[in-house]
Structures are given as C-alpha cells and as structure tokens.
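Novice: I would like the atomic coordinates for the input below:
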Amino acid sequence: MPKFKPPIPHYDRGIIQPIDFMESNFTPDEYRGYLKGQVIKYISRYRYKKMPIQDLTKAQTYLLWLIEFEGNRPASETQEDK
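Specialist: Numbering: from 1, shown residues only. Below you'll find the model as predicted:
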C-alpha cells in the first residue's frame with residue numbers, strides 16, 4: 001500500500017523521503033514511537049499556533065501513517081508489552 005502523502009510540494013522532492021528512511025531503518029518499536037510522538041506533539045500545541053488547522057493536519061498525517069503501519073503488521077507485533 002502506498003504511503004499517504006500530504007498535498008505539499010516539498011514532499012515530492014528528494015530521492016527518499018525521511019519518513020520512508022525511518023521506517024526502513026528504525027525498529028518497529030522505534031518507528032511506532034516516533035509516529036505516536038509526532039501525533040502527540042501536534043495535538044498538544046495546535047491551540048497556541050497562528051494556524052492551528054495546519055498542526056491538526058500534520059497530526060492527522062502522522063496518525064494515518066501510524067494506522068497504515070499498524071495495519072501492515074501481524075497482530076502479534078502490534079500489541080504493546082504488558
């Protein structure tokens with residue numbers, strides 16, 4: 001499944017996107033944590049920005065990437081340690 005790409009021109013530049021590099025080189029837990037952290041970052045500060053919808057959209061992008069990532073993993077790998 002192709003990764004969701006926001007409709008922003010700079011996302012189409014470069015040989016490999018940083019998010020693709022991270023997914024390929026991070027462990028599943030590292031990548032999952034990165035995506036979760038980005039969602040939290042943008043959700044927690046959007047109210048204080050001049051363009052709050054932009055931060056909510058960024059949070060949405062990272063959440064969609066997390067959903068896509070989790071949807072492509074076996075169920076046994078998506079459960080957190082208890």
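
Novice: from now on I want contacts and neighbour counts done on CA atoms only, so please keep to that.
Specialist: OK.

Novice: sticking with the residue nearest the centre of the chain, tell me its helix or strand.
Specialist: Geometric centre of the chain, nearest residue: Tyr62, 2.8 Å, by Cα atoms, centre = their mean. Element membership for Tyr62, per DSSP states H and E: helix 52-71.

Novice: any idea how far that helix is from the chain center?
Specialist: Distance of helix 52-71 from the chain centroid (Cα atoms, centre = their mean, to the nearest Å) equals 6 Å.

Novice: could you list the buried residues of it?
Specialist: Under the neighbour-count criterion of 16 or more other Cα atoms under 10 Å, helix 52-71 has 55-66, 69-70 buried.

Novice: on that earlier part again, the residue nearest to the centre of the chain against Ile40, yeah?
Specialist: No. Tyr62 lies out of contact with Ile40 (Cα atoms under 8 Å); the separation is 9.6 Å.

Novice: joint contacts of these two?
Specialist: Taking Cα atoms under 8 Å, 6 or more residues apart in numbering as the criterion, Tyr62 and Ile40 do not both touch any residue.
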